[in-house]
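>>> Generate coordinates for the sequence data below:
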Amino acid sequence: MTIEPRVREELHALRDQVRHLRGGMVASADGMVIAHDLRDIEPDGLAALTAAAIGVAKRLTEATGQGAFEESLTRGANGYVAAYTAGRYAVLTAVASPDTNVGRLHHQARRAAARIGALVDAVPRQ
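Residues are numbered from 1 along each chain as shown. This next block holds a predicted model:
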């Protein structure tokens, strides 16, 4: 059974809930794409970059005594890239315009990441 269609539904729902969200992606913690809702961004490259960024963020939170990594927000001149843990094995990455309400993005993405994490964690590991 593939979870990709169900994860993609969550990504579409997140886009509907957050104005100015450009797209989202779910990837394994090691950078393999599970599902995406991206139009103008290459998902494999974004998954690899997210895995690298999360690796640094995990080290940063651990080194400063902040506990396990949960989320990261990067702001650029043209918008935001946010990454959220999604269960034990995946990461939700959201790409948003500068007009996005970041509070709403966090609220909705955290909820979506929890649902996505439950889906991904339920898949038997080989």
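
>>> what ranges do the helices span in this structure?
4-17, 43-63, 102-121 (DSSP state H).

>>> so of the ones you listed, which one's packed in deepest?
helix 102-121 (a mean of 18; mean count of other CB atoms under 10 Å). Every residue, glycine included, has its C-beta placed from N, CA and C.

>>> Would you mind pulling up the elements that that one packs against?
Helix 102-121 sits against helix 4-17, strand 21-28, strand 71-76, strand 79-86, strand 90-96, with contacts defined as 3 or more CB pairs under 8 Å, 6 or more residues apart in numbering; DSSP states H and E.

>>> Just to check, residue 47 is in contact with residue 33?
Yes: Residue 47 lies in contact with residue 33 (CB atoms under 8 Å); the separation is 4.8 Å.

>>> any shared contact partners between the two?
Contact criterion CB atoms under 8 Å, 6 or more residues apart in numbering; residues shared by residue 47 and residue 33: 25, 27.

>>> Bridge partners for residue 84, pull those for me.
residue 71, residue 92 (DSSP bridges).

>>> For it, list the residues it contacts.
Per CB under 8 Å, 6+ apart, neighbours of residue 84: 70, 71, 91, 92, 93, 94, 109, 110, 113.

>>> one more time with 10 Å
24, 26, 54, 69-73, 90-94, 105-106, 109-114, 116-117 (CB atoms under 10 Å, 6 or more residues apart in numbering).

>>> for residue 22, same thing?
15, 37-41, 78-81, 94-97, 100.
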